[in-house]
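[1] Next one to model:
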Amino acid sequence: MKLTGPDCTFELDILDYEYSDSPYFMDRNWLLISLRTSYRNRRFTTTAPLLSTWEIELLVKWMKSLTTPKQLSPRLSFVEPCLGFSNISADSGKYRFSIKLDREATPDWYSDSTQPFSLPVQPSAEELQRAIIDLESQLTIFPVRE
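    Okay, the predicted model is just below:
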């Protein structure tokens, strides 16, 4: 999934399940996520177990809701506090998000340890649709495991 802004990019890809096999439902559904960000010519890449399968499903539903008159919520947070999404769009049809990057998702060049870094992205409607489709296709490869 890729979202861009005037001077930034945010890319999220599912690499694999964190555990190949586990007797515990929660552990079976943690995903290794690759994040690639850039902001004003500064780049950062990390890989970590940041999201679960059902959180990816929730992210897809949240992004889809932004394209309808009734969004699920202006903010989306997860069990691990490393990522968060906020819809800061003023009107429908123009998308502006603030993506919270914290802890292991914080860019290594960001020096303020008292607060997370917020990455401002402004995807077009077409880019948002591509991101949704991309995340859905990644979920077919790494579905929720019962």
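[2] List the buried residues in stretch 122-136.
    122-123, 127-128, 131-132, 134-135 (16 or more other CB atoms under 10 Å). In short, each C-beta sits where N, CA and C put it, glycine included.
[3] From those residues, which land in helices?
    127-128, 131-132, 134-135 (DSSP state H).
[4] Would you map the strands across this protein?
    2-5, 8-17, 30-39, 42-52, 75-77, 83-87, 97-101, 117-121 (DSSP state E).
[5] any idea how far the least confident helix or strand in the chain by mean pLDDT is from the chain center?
    Here the helix or strand of the chain ranked lowest by mean pLDDT, DSSP states H and E is helix 25-28, holding a mean of 89. Centroid separation for helix 25-28 versus its chain: 20 Å, with CA atoms, centre = their mean, to the nearest Å.
[6] a markdown table please, covering the strands of the chain and showing mean pLDDT.
    Compiled in a markdown table, the strands of the chain are given as follows (pLDDT from 0 to 100):
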| stretch | mean pLDDT |
| --- | --- |
| strand 2-5 | 96 |
| strand 8-17 | 97 |
| strand 30-39 | 97 |
| strand 42-52 | 97 |
| strand 75-77 | 95 |
| strand 83-87 | 96 |
| strand 97-101 | 97 |
| strand 117-121 | 97 |
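[7] can you tell which of those strands is closest to Leu58?
    strand 75-77 (6.9 Å; CB to CB).
[8] List the pairing partners of that closest one within its sheet, with orientation.
    strand 83-87 (antiparallel) (DSSP bridges).
[9] now the strand it pairs with: how far from the chain's centre is it?
    8 Å.
[10] For it, which outside residues touch it?
    50-51, 59, 62, 66, 71, 74-78, 95-102, 105, 116 (CB atoms under 8 Å, 6 or more residues apart in numbering).
[11] go again using 6 Å as the cut-off
    Residues from elsewhere that reach strand 83-87, judged by CB atoms under 6 Å, 6 or more residues apart in numbering: 50, 66, 74-77, 97-100, 105.
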